[in-house]
Structures are given as structure tokens and as C-alpha cells.
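In: Here is my input; please provide its structure:
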Amino acid sequence: MASHVPSHVVSETVSRNANWNEGQESLIKKNLLVGNLQYAAEIALKCGRTTTALLIAERGGPDLFEDIK
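Out: Model (predicted):
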């Protein structure tokens, strides 16, 4: 039996680099470490990591969350 995904649900297909010391993950990590949540969330969003971007934005407060959402 095939599962049906409603047409209004958007699936997220992203390369899941397990090494957070390379590529886009490295940029996200570096910005998190220095406390630049806005830039970290923007990078995550631009590279298709919507869930990651929203989780970061949530920690940045209501204004950042609204910007990213």
C-alpha cells in the first residue's frame, strides 16, 4: 500500500552532510558558535535546511523567527 502525501505538504530534500566542518554546514556552525543566529538561520534556509533554520530562528527570538518563517 503506497502512502499518499497531500499536495499541500512540501517535502525537504537536502544533502545531509554529516561533517559539520565542511561546506554550508561549516558556515552554519561557525555563525552559531559566535552567536550570529540570524546569519546562521539565513544560510540554513538558503541551502534548503528549513527545519534547521526555524529551530535556529526560534532561539533568536520572535523577530528573527518571523523573518525566517
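In: For G48, give me phi and psi.
Out: phi 90, psi 10 (degrees, to the nearest 10).
In: Next one: it relative to L64, how far apart?
Out: Spatial separation of G48 from L64 under the definition CB to CB, to the nearest Å is 19 Å. In this view, the C-beta of every residue, glycine as well, is placed from N, C-alpha and C.
In: show me where pLDDT drops low in this structure?
Out: In the prediction, the chain carries residues with pLDDT under 70 at positions 1-18.
In: Now do the helices in it.
Out: Per DSSP state H, the chain has helices spanning 23-33, 37-46, 50-59, 62-68. These are given in chain order.
In: tell me the most buried of those?
Out: Mean neighbour counts were taken over these using mean count of other CB atoms under 10 Å, and the top value, a mean of 20, falls to helix 37-46.
In: between it and helix 23-33, how big is the angle?
Out: Counting by axes from the mean of the first three to the mean of the last three CA atoms, to 10 degrees, helix 37-46 lies at 160 degrees to helix 23-33.
In: Quick one: residues in contact with helix 37-46.
Out: When contacts are defined by CB atoms under 8 Å, 6 or more residues apart in numbering, helix 37-46 is touched by residues 24, 27-28, 31-32, 50, 52-54, 56-57, 59-60, 64, 67-68.
In: What residues does the residue nearest to L64 when sequence neighbours are not counted make contact with?
Out: Here the nearest residue to L64 in space, its sequence neighbours aside, is A57; by CB to CB, 6 or more residues apart in numbering that works out to 4.7 Å. A57 sits next to L37, A41, L64, F65, D67, I68, K69 when contact means CB under 8 Å, 6+ apart.
In: Export those residues to a markdown table and append columns for distance to W20.
Out: Formatted as a markdown table, the entries for these read as follows, by distance: CB to CB, whole Å:
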| residue | distance to W20 |
| --- | --- |
| L37 | 16 |
| A41 | 16 |
| L64 | 21 |
| F65 | 23 |
| D67 | 24 |
| I68 | 20 |
| K69 | 24 |
